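> Sharing a model that was predicted from the sequence below.
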Number of protein chains: 2
Amino acid sequence: MKDERLSEAPLRILKDMANLTNVYLEQVAAFGEIDRFPHARTITVGYYALVNPFQFELCSFKSEALEARWFDLQDKPLLPYDHNEIVEASLDKLKLKLRYEPIGFELLPDKFSLRQLQDIYEAILGVELDNRNFRKKILKMDVLKKLNEKQDGVNHRKAILYQFDAEKYRTSSEQTAFFTL
Amino acid sequence: MKDERLSEAPLRILKDMANLTNVYLEQVAAFGEIDRFPHARTITVGYYALVNPFQFELCSFKSEALEARWFDLQDKPLLPYDHNEIVEASLDKLKLKLRYEPIGFELLPDKFSLRQLQDIYEAILGVELDNRNFRKKILKMDVLKKLNEKQDGVNHRKAILYQFDAEKYRTSSEQTAFFTL
DNA sequence: GCAAAAGTGTTAAGTTTACACCCATGT
DNA sequence: ACATGGGTGTAAACTTAACACTTTTGC
């Protein structure tokens, strides 16, 4: 739309399709191969959003004929045109980002267990992580607030819940903590 | 141009303005604020290129009224519209990239000394590096071929020259060597 | 009491940092 | 012989990787 900032378009679409608001949004890239669409010369600017799938009822809000659904990264379907490439580029960018910014929280409810967070990291990076090492590392980042609350409704030991502490993050970190030449 | 891939446009412009070909090119992002240009709604896709400034005669090739010049990062001029933001985004992206891919070579002649390479890293990252540590690190990456050649035409000890070894790079590296969770 | 997941420490290997002098060359 | 920049090693601090058992809870 003509009177819309570039980044407002994906937000509008998410709102219309799935009633999603307040999502974390990141631009991936512009895709501009000549024949990426058969119909007309089209340039697409791709964005990814991070959404906790359990906080939203996707399909019930969808507008008209378009269908929105959740997929596991493992068995995501093949998409038309160059959309697989766009998804791959998004995932690559997300993997990179995950390594230098605490971003996993965006995919979880406000309060979450360390195991849930580890699951997010493992799903995005596509690897298994040692839970002791993961916990040490995440806690050393000092961006989590440990709550006096526990998980509920599970039939095993209840995990302690944590919250992302934006204040700690701002003050503490020097960010960009890798490949320190 | 309508029959041009997105990434061909910057290449064409570099060719026309400065007779540059075969440059390393990387897309930065699409910039789409509503009022970024006063004249009309405009969306710009930014690219950065890495060019060895000593291998090219910029100004002598410039087409018509546009002027192309080299600037030091330190004293780069203020640009109109949101172009400063684009330059900053490019530099940020380059800094990041420099940390996980051997890219400094693109700014140097085919054969270069380790000191020249270190200068590139220092200029891009905006920090001073310890030369012993830098050398150890770069050599451990195992992407450089040590030549039996030395610098020429300097009035002090001649540096040994190195070449980037694309073959080594492909085979050796697992890339992405940071923040190893 | 058993199944299921949460939580917890230590050690060895590897990486990063800090640091200062001698070497080769041209004038 | 001196000025200029090239080239080199080591030790301490820190980070990462590998590893297995006990605790809590619901049924």
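Noted; the coordinates are in hand.
> count of residues packed around A:N131?
Counted by other Cβ atoms under 10 Å in any protein chain shown, the residues lying close to A:N131 total 11. For the C-beta atoms, the positions are set from N, CA and C on the backbone; glycine is no exception.
> correct me, but A:L147 touches A:D165?
No. Between A:L147 and A:D165 there is no contact under Cβ atoms under 8 Å: 10.6 Å.
> need the residues of chain A near DNA strand D, please.
Contact residues (Cβ under 7 Å from any atom of the strand) of chain A with DNA strand D: A:D130, A:N131, A:R132, A:N133, A:K136, A:K137, A:K150, A:V154, A:N155, A:H156, A:R157, A:K158.
> Quickly find the element holding the fourth one.
I take that to be A:N133. Assigning secondary structure by DSSP states H and E places A:N133 in helix A:131-141.
> C-terminal to that helix, what's the next element?
For helix A:131-141, the following helix or strand on the C-terminal side (DSSP H and E) is strand A:144-150.
> which parts of that following strand are buried?
A:L144 (16 or more other Cβ atoms under 10 Å in any protein chain shown).
> In chain A, what residue lies closest to DNA strand D?
A:R157 (2.7 Å; Cβ to the nearest atom of the strand).
> Now do the SS call for that residue.
coil (DSSP: H, G, I helix; E, B strand; the rest coil).
> gap between it and chain B?
Computed as Cβ to the nearest Cβ, to the nearest Å, the A:R157 to chain B distance reads 24 Å.
> mind listing what the spatially most central residue of chain A touches?
Residue closest to the average C-alpha location in chain A (Cα atoms, centre = their mean): A:L50, at 2.9 Å. Contact analysis of A:L50 by Cβ atoms under 8 Å, 6 or more residues apart in numbering or on different chains lists A:V23, A:Y24, A:L94, A:I103, A:E106, A:L107.
> Okay, it and chain B: tell me how far apart.
In terms of Cβ to the nearest Cβ, A:L50 sits 18 Å off from chain B.
> who does that residue bridge with?
A:Y24 (DSSP bridges).
> Was I right to think A:V45 contacts A:R5?
No. Checked against Cβ under 8 Å, the pair A:V45 and A:R5 is beyond contact range at 11.3 Å.
> still on that earlier bit, out of the contacts of A:L50, which comes closest to chain B?
Of all the contacts of A:L50, chain B sits closest to A:I103, with 12.5 Å by Cβ to the nearest Cβ.
> What is the nearest of the residues of chain A next to DNA strand D to A:V28?
Of all the residues of chain A next to DNA strand D, A:K137 has the smallest distance to A:V28: 26.7 Å, by Cβ to Cβ.
> how close does the closest one get to A:L144?
Counting by Cβ to Cβ, to the nearest Å, the gap from A:K137 to A:L144 is 11 Å.
> for A:R36, same thing?
For A:R36 relative to A:L144 (Cβ to Cβ), the value is 42 Å.
> for A:H39, same thing?
48 Å.
> who has more neighbours, A:V45 and A:R5?
Between A:V45 and A:R5, counted using other Cβ under 10 Å, the more crowded position is A:V45 (21 against 13).
> you'd agree the more buried one is in a strand?
Yes. A:V45 forms part of a strand when assessed by three-state DSSP.
> and for A:V45 and A:R5, which residues touch both?
Joint contacts of A:V45 and A:R5 (Cβ under 8 Å, 6+ apart) are B:G32.
> Which residues does A:S113 form beta bridges with?
Judged by DSSP bridges, the bridge partners of A:S113 are A:L161.
> Test my guess that it contacts A:I160.
Yes. At 6.8 Å, A:S113 and A:I160 qualify as touching, with contact defined as Cβ under 8 Å.
> Those two: which has the busier surroundings?
Ranked by neighbour count (other Cβ under 10 Å), A:S113 and A:I160 place A:S113 first, with 17 against 13.
> What distance do you get for the more buried one to A:D130?
17 Å.
> Kindly report the same for A:S7.
Taking Cβ to Cβ, one finds A:S7 at 37 Å from A:D130.
> Have a look at these two and say which one is more surrounded.
Neighbours per residue (other Cβ under 10 Å) separate A:S7 from A:D130, with A:S7 holding more: 16 against 11.
> I figured A:V28 hits A:T44, correct?
No. If you go by Cβ under 8 Å, A:V28 and A:T44 don't touch, sitting 9.8 Å apart.
> Quick one: neighbours of A:V127, just the number.
A:V127, neighbours per other Cβ under 10 Å, totals 9.
> Give the buried residues for the longest helix along chain A.
Longest helix in chain A by number of residues, with DSSP state H as the criterion: helix A:83-98. Of all the residues in helix A:83-98, those buried under the rule 16+ other Cβ under 10 Å are A:I86, A:V87, A:A89, A:S90, A:L91, A:K93, A:L94, A:L96, A:K97, A:L98.
> ok, and what's touching that helix?
Contact partners of helix A:83-98, identified using Cβ under 8 Å, 6+ apart, comprise A:26, A:28-29, A:31, A:44, A:46, A:48, A:50, A:73, A:76, A:78-79, A:103-104, A:121, A:124-125, B:96, B:176.
> got the angle for it vs helix B:83-98?
If you take axes from the mean of the first three to the mean of the last three Cα atoms, to 10 degrees, helix A:83-98 sits at 80 degrees to helix B:83-98.
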